[in-house]
Each structure stands twice: as structure tokens, then as C-alpha cells.
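In: From the sequence below, what's the structure:
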Amino acid sequence: MGGAFWNGLNDPAQGQVAAECAAGEGGRVLCGKGDSVSPLWDMECRGTRRVQTEQRVRGDESAQVLRAPLHGGPDRMPFQAVPGGIGHPARGDGGTCPGAEEKVVFPQVWNGEGVTMPGIVGMISGLPPDRCRRRLSAMIGTMLHEPFYRSGLYANEELGVYAGWVCHEGSFSDCMPVANEERNVFMVVSGENFIDRSELRALKSRGHEFNEEDATALVHLYEEDPGGFFRELNGLLSGVIVDLRENRVTLFNDRFGSHRLYYHENQEGFLFSSEAKSLLRVCPELREIDPVALGEYFSCGCVLENRSLFKNLKILPGGSAWTCLRSGGWERKRYFTPEEWENSEPLEGGEFCRQLKENLTRVIPRYLQGRQPVAVSLTGGLDSRLIMAFVDGKSARLPCFTFGSENRDSLDVSISRQVARACSQEHTVLRLGEEFLSRFPEEALRTVYISEGGLSACGSYELYLNAKAREIAPVRLTGNWGSELLRGARAFKAYLPYMQTFNPDFYKHIEDATGTFARIGRVPNLTFSLFRQAPWQGFGRLAVEQSQLTQRTPYMDKDFAGLVYRARKEDLSSDRVSLQVIGEAKPGLLEIRTDRGAAGKSGPAFSWLHRAFHETAFRMEYYCGHGMPRWLSRWDKALKRLHYERLLMGRYKFHQFRRWFQSELAGYLREMVLDKRTLGRPFLNPKRLEGMVHKHIRGDENYLNELDKILSVELVHRLFVDDFVNLNERARGRFAPR
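Out: Now for the predicted structure:
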């Protein structure tokens, strides 16, 4: 490979000379001329604690593995490369530094402030290496912010591959890059993969060395079976593989596409990233909102069909394994499609229940493994309770928590306490209240920044509460997607917002979006939930959650999902199967009634009454809060004299944005939505919008959905389109430390 680089600015072949050879742990390291910080001192500051397996890189067999030093910031990330050459690493002037055959590579720990989510970035390009390294530095610079993040950089100049990563310290992917024993296969991964311990032991018995708690096993699984590797992936992850045996580079993601990868092709090459903002940073031509995508956002709450809000910025479809060919083209393969599960043989009801119980007995322990503590996010429903039914409370310490309000305990809170107590686990309530409201402008900006508009401003409580959840444990185990898979819930819908809010020409895009949604919805319910809703609508929430902690759900395990596809429709149309499996696994949990009135000790007749009462109460809270019809809003002032909110509100929801936008957050709403920049957006009708804001604040009508989306889209424009040059400054400097 030749040469060692520092600062990523000058190619040694063009005359850069190493000014210093400093003896250090594991060999010699090079420091660029004029650089005041020695890498040896930098390593000493980190100490010798190994979070990952030691990565020893030989210059003749592998690419350069680059890292940024601890000092400076994301916009000033000098590069340090592992010295190349056999025996002794080469110097920039053609000489060598004797006595340093190998060098241990330490990943960076960033100690700054701000927000983003873990992920990968990269480019495949024939441009000069120094230019590619600067591009990569700028891309990863948009992602390096939280104090518990780690990062690193990888480059193979011969293949023109440059990749970087950001991860939570101590997480599954905090070991990048991973390589096989021969150092001819390298992998950079973000996310998690879940493998049974028995499979890992079998892999070790075949002579491979790796840490069972992190991603180091993945490269050996690929090495043994490159063709079948992708189909065996089990988790939400994405990555890039550099196979030097075939001079082949492969970009891949999980079968659902939930661990998102954006990509863009231009004259410079092929660029990819887990975050759009990284590509917007180096490709100014992408900083334009796509009106078709914007219409889908206003109708569906997200962009459909693997497109993004930004023109010409696309998303890798789920189940992809794209290989860069020597000719420079791409072989764009799908290693998995939903039809494989859709065509599986159905199971009889009794057999499905039996296999479901066996499956959960095997699957749930996978999600309790790892080197980081795990906590369970409990609710009053069945999905998190089904998880707890397969947890041994006597031998496993598994703290539990529930999101709640400062004003009153919701049913989620009171029921979750009982479930945790029945499982001999601690329980904590993480409350939303005055502090959140005082921080809302900041939290809304942070939320839209992280999710790039995928989660709206009114979803900012997720950022606030998940930051608190990390104080309990850095891994959050949830029951997400349980209702969709086991009981056919379908909350992802399209609707037509108030027409007169928008410019008539633009409103056609919103109407077209409802037709697109109807077309993509003509698939089985399970396919719709896992391969439409999860990667498109679910992305924003997942991105915000993953920015603060590692989120897991056993219901997207490939073995679990594949089994559920074999259930009969009648087995997935009610909570009968879930209740039966919970009763067989941990009968005591059935004595606790759910927030919708299921289970409990009462007989069938009283059970029906409880269900009817809770279903009615749930709908009344919705229609008196978030979903209040506009005609009912006109009576809201009169109804408030009866103090109906004390009776109805807060039993099921811990946030009340309709009311908050009339009171505590009214000033912020006026400031943002009635600002001349917002009113000047060409897709809006400014006069109607002004009237909507005033009517909502007075309580005359309810425009929460429209105002939430308009506010969020305005933040997207200000962050990523209008003034992108100051994006990193805003993300770090304007956000107060937590």
C-alpha cells in the first residue's frame, strides 16, 4: 500500500515527509510536520483499556485504517494511518521506521456535545486519495457529537474505498473495522446481529478468533460462506465489506431496510451514509426538497418507496447486497424479498401456538445478551408483557421503566409497576412535564436534526425521554411491532390535510400521495408492517431513539417474523394467541389486566365489560385531545368549564400537544409558523395559515396535525436547505449540554 499519511491533506507520493518517529506501545507512530499533538500522547490519554479486539494491520495485506485524534472537532479531523509495508512501516520520504511491524489501531472517542445517530458513511471513487479523505472527513464530521460516541475511518486507496463509522461506546459495533485472520477481508458495520451462542461456539471450534459480545464474528461468517452470509443476517444493521481475495466491495443492509442507508451517485463516485446530512454536506446539489416527497410527508407522515425528502437522494432497498464491479458498475442484488415468507406453509392453530412458545424461549435470550446492561421498556399492553413472560426474574436483573406524565399516572404506569413486581424487577417512571416544555424549542430542533424530518416536532418527547432511559441502561428492549405482527394492528395511514392550508398546485402532490399509499398497501398485513411501515414510517422514531441508546425488539427477529408468516389469519386477528402463550409461560401475568381491559381475574362477562369500557375511554381521550374533530373544537371552551380534562385526559397518553400549543407552547408556535420565512414557502397559503394558527391557539378549531408537520418541514428547510453551511455549528453550539 505504501506510505503513512497524517492530516489527510498531502499524498506522500507528492513529497510529504514524516517529521517525527516516536516510539510507542505496539511500535512506531508517525506525526505530521507542524502538528502539535503527538499520536503517542494521544494514545496515552486514551489508556490501554480495550473495548474492541486488537486490530493489527499489515501494510502488504490490508487497507489503511484511519482514525481521528481526540482533539479538535468534526470539522478538523486529521487522519492517522497505520504504517504500510512489510516488516517495517514506510515513511513518507521512502525510508522506514524500524521495529514496528504492526501497530494497534485505537478508535476515536469524541468528547463534544450535540446529537446525531450511530451509523456509517463512505464513498467509492477514483478521485485522488487526499480528496476522498477530505470528503470522508466532512461526511463523518456531521455525525460525531454525543460524548458516548466512538468513531473511526477506513481506507483502501487501491480499490478506491473510503468508509467511516460512528457507534455507541461499548455497543455491538464498537470494534470496527473487523477482519479475518488472513487480513484479506474487512468489514465496517453499524447496528446489531443476533446469533445463538451455540452457533458462535461452533464457529470458534473451526479455528476462528473473535469476541462473542461484538461484531467480530461477522467477518468469519462471511469468510466461510460469502454467498449465504447475507441470508443469515438477523438484526437491524448495515455495512460494507471489502473482500481483497476478489477485489470486491459489497454494500448491504438488513432484510427490512430499517437500518437506513442513503446513497447518491455523481461524477465523483458512489457515496453512501446512514444519515442524509452527511451526503448533503459534500453534495450541495442535493439540498433541494422534492415536492413529490413533501406531498407524501404531509399525507402519510413519511416519504414512500425508498425515496427521501431530498431530490436525487435515494435509500437502499431492504435486503440489498450491492457489489461494486471491477468495471465500475454495480451488481444490485436483493438477497431477500417478502415473497419468500408469504409463500410459506401455514400452521394449524394449536401447532402455531406451540411453535410460538418454543420460538420465544429461544429468541428472547438473544436480546438480553451483550456487554452492555439491558432495561425493558414496559407498557400496559401485551407486547412487553409477552417478553417478560420469558424472562427468568430470579436469575436475571432486568430493570424496567415506563414513560409517564408529571400530572397523573397513566394506565401504562400503574400496570407496568404490577408487571415488574410480578417478575421481581425494579421499575422506574420517566416523566414528561415542565422541564420538557421549557426545552421544547431545543428538543424539537434536535429531533428534526437527528431524524432529518423523519420524526416531527411533536415527537421530540422521544429524544427527551430516551436520554433519561440511557441513565438506567444503554440498551432498551421494547415490544415494538408486536401488535402489528401478532394482532394485525395497522396504524400507518394516509389522510388529506386541510386543503386550504396549501397552494393548490402543491396540493395535487398530497392527493397523489394517497393514491401511492393505496397502491403500496395492496400486500399482506405482515408485509405491510415489516417492509413498508417499519423502514419508512418507523425510521424517524428509531433514528431518534438510537441516537441516545441501543434499541432492540425481538419481534423483528428473522426467526420470529418467519414463523408468524406461517400463522393463519384468524390466529393474528385478536389477542387470543398472545394471552394463551403468556398464560402458559408465566400464568401470574394474566392476573394483571391490560390497558385495554384484556386478561385479569374476572369472568368472561365482566371481561367483556372491561374491554368495552377501556376501548370507549381510549377513544374519548383521543377525540378530546390529539384527534379532536374541528366541529367539536367549537364546543371545547364550554366543555372545559366541566373540567372534563381531569376526568378523561392522561389515562392513556402522557403528552397533550393540542392543549400545549394553546398554552405553554403557543408563543413558540407563533414565532415559528408566523415567521416571514415560513409564510413565504411556495407550497403554503400564508393567509389561511395565519388564520389556522390563531384559531388553534384560541381553541376554536384543532389543526394540530397540520401545524406539527408545517413546523417540522420549516425546521428541515432551515437546517438542511437555507443555511446548511452553519449546520454543525448549530448542532453543537446552540444545543445546551444535557
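In: how deep is the residue lying closest to D174 once chain neighbours are set aside tucked in, by neighbour count?
Out: If you skip the residues right next to it in sequence, D174 has C167 as its closest partner in space, 5.0 Å away by CB to CB, 6 or more residues apart in numbering. Every residue, glycine included, has its C-beta placed from N, CA and C. Counted with other CB atoms under 10 Å, the neighbours of C167 add up to 26.
In: Same check on R197?
Out: Considering only other CB under 10 Å, R197 is surrounded by 11 other residues.
In: who's in contact with the residue nearest to D174?
Out: The neighbourhood of C167, defined by CB atoms under 8 Å, 6 or more residues apart in numbering, consists of 118, 149-151, 173-174, 176, 190.
In: For those, name the two members farthest from one another.
Out: The largest distance within these, taken as CB to CB, falls between Y149 and M176 and amounts to 12.6 Å.
In: Those two: who's more crowded?
Out: Between Y149 and M176, counted using other CB under 10 Å, the more crowded position is M176 (31 against 24).
In: you'd agree the more buried one is up against V188?
Out: Yes. Using CB atoms under 8 Å, M176 is in contact with V188, at 5.2 Å.
In: which neighbours do those two share?
Out: By CB under 8 Å, 6+ apart, M176 and V188 have these common neighbours: 154, 165.
In: how much space is there between A202 and F230?
Out: For A202, the distance to F230 under the criterion CB to CB, to the nearest Å works out to 19 Å.
In: neighbour-wise, which of these two wins?
Out: The neighbour count for A202 versus F230, taken as other CB under 10 Å, is higher for F230 (22 against 11).
In: and the residue nearest to the more buried one when sequence neighbours are not counted, what does it touch?
Out: Taking CB to CB, 6+ apart as the measure, F230 lies nearest to Y335, with 4.0 Å between them; neighbours along the chain are not counted. Residues near Y335 by CB under 8 Å, 6+ apart: 230-231, 252, 255, 319-321.
In: rerun that using 10 Å as the cut-off
Out: By CB atoms under 10 Å, 6 or more residues apart in numbering, the contact set of Y335 is 227-233, 252-253, 255, 319-321.
In: how far away is the residue nearest the centre of the chain from R439?
Out: Using CA atoms, centre = their mean, the residue of the chain that lies closest to the mean C-alpha position is A543, 3.2 Å off. Using CB to CB, one gets 20 Å for the distance from A543 to R439.
In: Only alpha carbons, please: show stretch 330-346 as PDB.
Out: Listed in PDB are the C-alpha atoms of stretch 330-346, where the atom choice follows Å, rounded to 0.1, in the frame of the first residue of the first chain:
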ATOM      1  CA  TRP A 330     -22.800  -2.200  -9.700                       C
ATOM      2  CA  GLU A 331     -24.400  -5.600  -9.300                       C
ATOM      3  CA  ARG A 332     -27.600  -4.700  -7.400                       C
ATOM      4  CA  LYS A 333     -28.900  -7.900  -5.900                       C
ATOM      5  CA  ARG A 334     -31.700  -8.500  -3.300                       C
ATOM      6  CA  TYR A 335     -30.800 -11.400  -1.100                       C
ATOM      7  CA  PHE A 336     -34.300 -11.400   0.400                       C
ATOM      8  CA  THR A 337     -37.800 -10.500  -0.600                       C
ATOM      9  CA  PRO A 338     -41.000 -10.800   1.400                       C
ATOM     10  CA  GLU A 339     -42.500 -13.300  -1.100                       C
ATOM     11  CA  GLU A 340     -40.300 -16.000   0.500                       C
ATOM     12  CA  TRP A 341     -42.100 -15.700   3.800                       C
ATOM     13  CA  GLU A 342     -45.500 -15.000   2.100                       C
ATOM     14  CA  ASN A 343     -45.400 -18.400   0.300                       C
ATOM     15  CA  SER A 344     -44.500 -20.500   3.400                       C
ATOM     16  CA  GLU A 345     -46.800 -23.300   4.500                       C
ATOM     17  CA  PRO A 346     -49.400 -22.300   7.200                       C
END
